[in-house]
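Colleague: I need the structure of the sequence given here:
(one chain, ligands or ions: 2)
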Amino acid sequence: MSASVEIACPRDSEAFTRVYAPTPRELPTATRCTHCGDEHPLLHASLTPEGGLRACVSCGHPELYTLKEFPRKLGITVVVVAAVLAPFTYYVSLFVAAALDAALYAFAPDMVMCYVCHAAHRKFARDPRHPRFDREIDERLKFGTRAVMGKPMRPGGTAGAPEPEH
Ligand SMILES: [Zn+2]
Ligand SMILES: [Zn+2]
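Modeller: Ligands and ions are numbered 1, 2, ... in the order given. The predicted structure follows:
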């Protein structure tokens, strides 16, 4: 159960290099990019002493969100199989599928994503916790003062922030 982070390449925002370590604090301070071949830094200043995230390890931005890594394909397969079997099982298969999908979701691991560079952090310490995706934060970062929604960043970013209400 090692920690990992996917570092975004500054030259291509779609290119990520995944770096693993037994614990977050043991991650290297830089990694060779599989896309451009340069060394990109891993920002240890973003880590708490316990290996939690104060900010993004890739770009240093302090606003992050927690996302369930739901096995989407498996989830869809379960629903499709259940639908095919439904006429033969008096539709019981649909209830079984719903239960299975709920279980898959409940056990899906969390990853912490950066709003800015989309780096994915896995198996970092859970404290401080970052709330789930907030469209207001996303819009403010994308559109700045032109954002329809959006409120100023709270001090310290999203660390320990409450969940969005919407
Ligand atoms: Zn690169
Ligand atoms: Zn980032």
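Colleague: the strands in the chain, which residues?
Modeller: For the chain, the strands defined by DSSP state E cover 3-9, 12-21, 30-32, 39-41, 64-68, 110-114, 120-122.
Colleague: of all the ones you listed, which one is nearest ligand 2?
Modeller: strand 110-114 (3.0 Å; Cβ to the ion). All C-beta atoms are positioned from the backbone trio N, CA, C, and that covers glycine.
Colleague: coming back round to it: could the strands of the chain go into CSV alongside distance to ligand 2 and mean neighbour count?
Modeller: Putting the strands of the chain into CSV (distance: least, Cβ to the ion, whole Å; neighbours: other Cβ atoms under 10 Å) gives the following:
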stretch, distance to ligand 2, mean neighbour count
strand 3-9, 7, 22
strand 12-21, 10, 14
strand 30-32, 14, 15
strand 39-41, 11, 15
strand 64-68, 8, 19
strand 110-114, 3, 21
strand 120-122, 9, 20
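Colleague: quick one: closest of those to Thr77.
Modeller: strand 64-68 (17.6 Å; Cβ to Cβ).
Colleague: packing partners of that closest one?
Modeller: strand 110-114 (3 or more Cβ pairs under 8 Å, 6 or more residues apart in numbering; DSSP states H and E).
Colleague: the strand it packs on pairs with which strands?
Modeller: Taking DSSP bridges as the criterion, strand 110-114 forms sheet pairs with strand 64-68 (antiparallel), strand 120-122 (antiparallel).
Colleague: so what touches the shortest one?
Modeller: Outside of strand 120-122, the residues that reach it under the criterion Cβ atoms under 8 Å, 6 or more residues apart in numbering are 3-6, 16, 24, 53, 56-57, 64, 69, 109, 111-114.
Colleague: and the longest one, by the same measure?
Modeller: Contacts of strand 64-68 from elsewhere in the structure, counted by Cβ under 8 Å, 6+ apart, are 53, 55-56, 105, 108-115, 121, 129-134, 137, 157-158.
Colleague: whichever of those residues end up buried, select them in ChimeraX.
Modeller: In ChimeraX, this line selects whichever of those come out buried by 16 or more other Cβ atoms under 10 Å:
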select :53,55,56,110,111,112,113,114,115,121,129,130,131,134,137,157,158
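Colleague: Cys33 and ligand 1: what is the separation?
Modeller: As judged by Cβ to the ion, to the nearest Å, Cys33 and ligand 1 stand 3 Å apart.
Colleague: now do that residue: how many residues are near it, please.
Modeller: When neighbours are counted by other Cβ atoms under 10 Å, Cys33 registers 19.
Colleague: picking up where we left off before, between the strands paired with strand 110-114, which one is closest to ligand 1.
Modeller: With Cβ to the ion as the yardstick, what comes closest out of these is strand 120-122 (16.1 Å).
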